[in-house]
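Peer 1: The sequence and its predicted three-dimensional model are supplied below.
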Amino acid sequence: MPVKTGSISLNTHGNTDISDITKELRRLVAESGLTSGTLTVFCASSTSGLTTVEFEPGAVADLKRMFEELVSSKKDYAHNATWDDGNGHSHMRASLLGPSLTIPFVEKSLTLGTWQQVVYVDFDIRPRRRELVVQMVGE
Amino acid sequence: MPVKTGSISLNTHGNTDISDITKELRRLVAESGLTSGTLTVFCASSTSGLTTVEFEPGAVADLKRMFEELVSSKKDYAHNATWDDGNGHSHMRASLLGPSLTIPFVEKSLTLGTWQQVVYVDFDIRPRRRELVVQMVGE
Amino acid sequence: MPVKTGSISLNTHGNTDISDITKELRRLVAESGLTSGTLTVFCASSTSGLTTVEFEPGAVADLKRMFEELVSSKKDYAHNATWDDGNGHSHMRASLLGPSLTIPFVEKSLTLGTWQQVVYVDFDIRPRRRELVVQMVGE
């Protein structure tokens, strides 16, 4: 059973910047030549994470606010004393959300809901160039 | 290496309704014909999620309370203004918990702990008919 | 396509004890004989979880504090009335964080970032002997 590995490159703005990567994932599934299996998206970063959400401006704004309320950017973090880079809250939000997401695909199509988009959330505090690993295992 | 895809249908009551789906998952593994591999459960929904918990009434009640405390149903959400459907908090809780869970199976058996059940958590605010995708990749 | 299953044994101290298991995971990938695929780490426990973090003392301390702030050990939990074991908050933190983590590997190497370590977080309130399941599916 083959393994196919691709990637997604994107420029992010930081501060809980939320990017819809659903279209790129669908393209990678279509190009893989596989019919069914699981797709894993992974961010090789400790200041960002992945989840799904209905990607509309209201829910996107709510998501940003939720992370500020759960893990405040205004508090002190011991991590900041280590590197003096001021993104301690970014690290905590990333650990809470998690760096990977696994989604089944069937008949060459991701099994996402109609109102469900895959989003990459960059919690870092400055613009970044990011590369996500996308791996499909199937047949 | 084969891929086997099944599903679980269930009726949920909404408002952080927590359903134990462990027995159905064990049945799907047994019926798959596979000996070892990974099972992925995925909900094609942006208002529900998956995790594990010791499924006893106390922990189930605690889980409902935890989500209410982390992401209050009493606050205003920008998502509600978009659709006027009042489930903005459901979307946020679902994004926080995540829509998928991956569990290894070995010798035709899920590697769950004795006091660990797989639960589907429906955060939406009304009863729903739900279908979960269950996919096994292995040998 | 082969499936390879290994394990990691570790002694934990409890109370959100955070262990870096990256080296053991890299060793299991190297020993698997597989070139590329996905690795899943799973804890067969309802009082512990897995994520990634930059494993340095500051971020580790921040992570412990974050979980105490999100899910307080000082509150009452209905689970405690069931077993009288005082670890209701441990169960809730575990359900929130999640019991599994999936990471792609390519050219016999996990696709982790330089400052990103895989950590096992034991939320239970006493020292435990733990065994994690590590499964690789690939080619």
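Peer 2: Structure's in. What do you need?
Peer 1: So the helix or strand of chain A with the lowest mean pLDDT, near chain C or not?
Peer 2: Scoring the helices and strands of chain A by mean pLDDT, DSSP states H and E places helix A:78-83 at the bottom, with a mean of 89. Yes - Helix A:78-83 comes into contact with chain C (CB under 8 Å from any CB of the partner chain), by way of A:Ala78, A:His79, A:Asn80, A:Ala81, A:Thr82. Where you see a C-beta, it was placed from the backbone N, CA and C, and this is true even at glycine.
Peer 1: correct me, but A:Arg130 touches A:Cys43?
Peer 2: Yes - the pair A:Arg130 / A:Cys43 is scored as a contact, 7.0 Å apart, by CB atoms under 8 Å.
Peer 1: how about the strands of chain A, start to end?
Peer 2: A:3-12, A:17-20, A:37-43, A:48-53, A:100-106, A:109-110, A:117-122, A:128-138 (DSSP state E).
Peer 1: how about the ones you listed, which one is nearest chain C?
Peer 2: Nearest of the strands of chain A to chain C, taken as CB to the nearest CB: strand A:128-138 at 3.9 Å.
Peer 1: Looking at that closest one now, give me its mean pLDDT.
Peer 2: For strand A:128-138, mean pLDDT rounds to 98.
Peer 1: Tell me the buried residues in it?
Peer 2: Of the residues in strand A:128-138, A:Arg128, A:Arg130, A:Leu132, A:Val133, A:Val134, A:Gln135, A:Met136, A:Val137, A:Gly138 count as buried by neighbour count, 16 or more other CB atoms under 10 Å in any protein chain shown.
Peer 1: Describe which strands that strand pairs with in its sheet and in which direction.
Peer 2: Paired neighbours of strand A:128-138 in the sheet (DSSP bridges): strand A:3-12 (antiparallel), strand A:37-43 (antiparallel).
Peer 1: need the residues of chain A near chain C, please.
Peer 2: A:1-3, A:5, A:38, A:40, A:42-46, A:70-71, A:77-82, A:88, A:91-92, A:94-96, A:98-100, A:102, A:133, A:135, A:137.
Peer 1: ok, of those, which come out buried?
Peer 2: A:1-3, A:5, A:38, A:40, A:42-46, A:70-71, A:77-80, A:82, A:88, A:91-92, A:94-96, A:98-100, A:102, A:133, A:135, A:137.
Peer 1: How about stretch A:58-74 and chain B, touching?
Peer 2: Yes - counting by CB under 8 Å from any CB, chain B is contacted by stretch A:58-74 at A:Gly58, A:Ala59, A:Ala61, A:Asp62, A:Leu63, A:Met66, A:Leu70.
Peer 1: so the fifth one touches A:Asp20, yeah?
Peer 2: No - counting by CB under 8 Å, A:Leu63 stays clear of A:Asp20, with 11.9 Å between them.
Peer 1: So between the two, which is more surrounded?
Peer 2: Here A:Leu63 and A:Asp20 are set side by side on neighbour count (other CB atoms under 10 Å in any protein chain shown), and the busier one is A:Leu63, at 23 against 14.
Peer 1: ok, the more buried one - contacts?
Peer 2: A:Leu63 sits next to A:Thr16, A:Ile18, A:Val53, A:Val121, B:Met92, B:Ser95 when contact means CB atoms under 8 Å, 6 or more residues apart in numbering or on different chains.
Peer 1: ditto for A:Val41
Peer 2: A:Val41 touches A:Ile8, A:Ile21, A:Leu25, A:Leu50, A:Ser100, A:Leu101, A:Ile103, A:Val118, A:Tyr120, A:Leu132, A:Val133, A:Val134, counting by CB under 8 Å, 6+ apart.
Peer 1: just A:Asp85 next, same as before
Peer 2: Counting by CB under 8 Å, 6+ apart, A:Asp85 has contacts A:Ile125.
Peer 1: So for it, what's the pLDDT?
Peer 2: 84.
Peer 1: What is the distance between the lengthiest helix in chain A and the centre of its chain?
Peer 2: For chain A, the helix with the greatest residue count under DSSP state H is helix A:57-70. Distance of helix A:57-70 from its chain centroid, counting by CA atoms, centre = their mean, to the nearest Å, is 15 Å.
Peer 1: what does stretch A:38-52 give?
Peer 2: Distance, stretch centre to chain centre, for stretch A:38-52: 4 Å (CA atoms, centre = their mean).
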